[in-house]
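**Q** Fold the following and give me the result.
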Amino acid sequence: MQPILLDNRYELEHKLGEGGMATVYRGRDQRLNRQVAIKVLHSHYVGDPDFLQRFEHEAQAAALLNHPNVVNVYDVGQDGTMHYIVMEYVEGTNLKTLINQSAPLPVDQAVTIAGDIARGLAAAHKLGLIHRDIKPQNIMIETGGQVHITDFGIAKSNFSTTLTQTGITFGTADYISPEQARGERATPQSDIYALGVTLYEMLTGRLPFIAENAVAVAMQHVSAAPPSPRQFNPQVPAQLETLVLRAMSKNAVERPANAEEFARLLANYRSIATQDTTFNPNLMQRPAPPRPASPAISPPPAGSSNSSSSNTSGRMAVPPRPTVARAPRQQGPGCGTFIVGALLLVGVLGLVLLFSSGTFGELFASTGDPARAPRDTPMPGTPTVTVTTTATTTPTSSPTPSPTPMPELVTVPNIVGRTEVQARDLLAQEDLIGVAGEARYSSESPGQVIEQSVPAGTQVEAGQSVTYILSLGPNLVEVPDLSGVRLDFARQQAEQRGLNVSVVDQPSQQVSEGFVIRQDPRAGLRLQPGDTIALIVSIGDKVQVPELTGMSEDAAKALLSQTEGLSWNYTDLQNSPDLSRYRPGDVVSMSDARGNPIQAGDWVPRGTPIVLGVRGG
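**A** Numbers count the residues shown, from 1 in each chain. Have a look, this model is predicted:
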């Protein structure tokens, strides 16, 4: 293959990767004799003068950056129809590959990487340059750990014309800020949001928002609250989670004021108290419904008597027992003993009088007991003694106990199929408490209740807890980025995620044999375990041999001359009874210069000379 030389200076050596706008090659600056990375714009953008102007302006703006965490831009140019940018070559891997291999990353490593990115962004923002597409694929990690931001190809700067304002659709939906998703102008806080999503992915190994297509993901960035990172990785400190969610606030003014402040907050996150400005609905606990009050004895109405004669309900209110202060004991009988003895004597004399006068008969008659009523009326002139009694006057009687109140029963509603908010509301209406159990994958939509601990229709006491299980949605796995890696490593990465692999061989002049050229479906989509991804794998710089057998020698030579990468070597005349089905002068076999047989459809290295076996006369 003839090497491509741009402007007689930059040699394209090897393809490193390909994006939606350009292809990146490893190259060499022959003038300075140094390794470089060369980004060549796709040919279908060449006919768009507005885009070409933008491409050049942003490259010039990026060239003004000189920061250890930003890939240096050396040159921008055009050679014929090829528009290119020459950048610093970083030996290492991109952050997306590191996440696919090792996520969740250790907390300290993730914070260090995010801090370096924030410092690089701070340098760019000071020059008025907004990246607009911060994502792990655009972060390079050197072998020694140095972090570099790359691909300012869709960045917006103060050098741009007003035409660049239409570039709001640029960016990756998985990391796009709410304002960009709404079609609004990107700001430095938009880069901070994308960095927050990137840090979220480093800490959890997953994206905060997952949907069937890019539009649905973008809409979640606009309106949905991200799940708690600690839900997926309990090792994430609470203070760091607060900072990540603050960076991902829907309102740009609630994010860190600038990237430099974000870097400082990351460096000191352990000393950050809970931020009042951070709001995450998923972390809120709904207040439990109030329990019904226990029955209590109501105090008597104002003005009522506390005496036993006023209690006609048959129940006695028991007042609190008073505390009696005792006087010091004295020697001898004392005055108190004399008074008690006199009262006992009067009581005994009174009982004797009552028995002798028959007054006890009237007493029993007044209580309504006919069995105890006297048979004869009292003698005229006999005094009548009326005694009013209550149940409390009998020393041996006890108060009638209050009946135990029956617990209030409520019916458990059916909350399966409801959202968490709807389920909690339904339970609260029945004075029940909703408790979230551990969510799990299911075929139902994410956030939908798929199970409840107490079946619907069950009668339970008010105030009881009902546990519900939320769906995480289908157990989808993210398709990793496998382009540019060896087939064996790509197969391992796919199988670790439960995905099957089908291999399609394809020749390539840019990609070495055994490396993945591209994949289908693309990286970032989510599939169910067991789904198949197709890997288009390079078999090297080879060409396919056409069918030549049965053709005349002259026709076969002509076809070989028209096939790029093949040539005729010599003709081997063959005479055998087995060749009777061929005419003399027809091609009966093919081989290479070493005599190895070749069949039609075989792939052979470019430039292979073909030996034609021809039947003799």
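
**Q** Contacts only, for the residue nearest to residue 441 when sequence neighbours are not counted.
**A** Closest residue to residue 441 apart from its sequence neighbours, by CB to CB, 6 or more residues apart in numbering: residue 475 at 3.8 Å. In this view, the C-beta of every residue, glycine as well, is placed from N, C-alpha and C. Contacts were defined as CB atoms under 8 Å, 6 or more residues apart in numbering; by that measure residue 475 touches 441, 528-529.

**Q** out of these, who's nearest residue 95?
**A** For these, the minimum distance to residue 95 (CB to CB) is 24.9 Å, reached by residue 529.

**Q** so how many other residues sit close to residue 599?
**A** 10 (other CB atoms under 10 Å).

**Q** Likewise for residue 217?
**A** By the other CB under 10 Å criterion, the neighbourhood of residue 217 contains 22 residues.

**Q** The one 4 residues further on too?
**A** As a burial measure, residue 221 scores 25 neighbours (other CB under 10 Å).

**Q** you'd agree it is in a helix?
**A** Yes - counting by DSSP: H, G, I helix; E, B strand; the rest coil, residue 221 is found in a helix.

**Q** Number the residues from 36 up from this point.
**A** All right, first residue 36 from here; so that's residue 256.

**Q** Tell me how far it lies from residue 246.
**A** Noted for residue 256: a distance of 10 Å to residue 246, by CB to CB, to the nearest Å.

**Q** Same check on residue 67?
**A** Residue 67 sits 47 Å away from residue 246, going by CB to CB.

**Q** Beyond the lowest-mean-pLDDT helix or strand in the chain, next helix or strand please.
**A** The helix or strand of the chain with the poorest confidence is helix 394-401; it has a mean of 48 (mean pLDDT, DSSP states H and E). On the C-terminal side of helix 394-401, the nearest following helix or strand under DSSP states H and E is strand 444-446.

**Q** Can you name the element that comes right after that following strand?
**A** With DSSP H and E, the next secondary element past strand 444-446 is helix 455-464.

**Q** Show me what that following helix is in contact with.
**A** Under the contact criterion CB under 8 Å, 6+ apart, helix 455-464 has outside partners 321, 324, 448, 450, 453, 468-469, 471, 482, 484, 487, 501, 503, 505.

**Q** Now distance to residue 100 too, for these, in JSON lines please.
**A** Compiled in JSON lines, those are given as follows (distance: CB to CB, whole Å):
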{"residue": "321", "distance to residue 100": "48"}
{"residue": "324", "distance to residue 100": "58"}
{"residue": "448", "distance to residue 100": "60"}
{"residue": "450", "distance to residue 100": "54"}
{"residue": "453", "distance to residue 100": "51"}
{"residue": "468", "distance to residue 100": "56"}
{"residue": "469", "distance to residue 100": "52"}
{"residue": "471", "distance to residue 100": "47"}
{"residue": "482", "distance to residue 100": "42"}
{"residue": "484", "distance to residue 100": "50"}
{"residue": "487", "distance to residue 100": "56"}
{"residue": "501", "distance to residue 100": "57"}
{"residue": "503", "distance to residue 100": "52"}
{"residue": "505", "distance to residue 100": "45"}
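
**Q** Quick one: buried ones out of these?
**A** For the contacts of helix 455-464, a burial check counting by 16 or more other CB atoms under 10 Å picks out 324, 448, 450, 453, 468-469, 471, 482, 484, 487, 501, 503, 505.

**Q** check which helix or strand covers residue 570.
**A** Assigning secondary structure by DSSP H and E places residue 570 in strand 567-573.

**Q** To be precise, which single item in the contacts of helix 455-464 has the lowest pLDDT?
**A** The member of the contacts of helix 455-464 with the lowest pLDDT is residue 321, and it reads 39.

**Q** tell me the domain ranges of this protein?
**A** As assigned by automatic domain parsing, the chain contains the domains 39-123, 127-318, 444-505, 512-575, 578-650.

**Q** Identify, out of the ones you listed, the most deeply packed stretch.
**A** Across those, averaging neighbours per residue (mean count of other CB atoms under 10 Å) puts domain 127-318 on top, at a mean of 19.

**Q** quick one: low-confidence ranges for the stretch 186-335 of the chain?
**A** Judged by pLDDT under 70, the stretch 186-335 of the chain has its weakly predicted residues at 187-206, 306-335.
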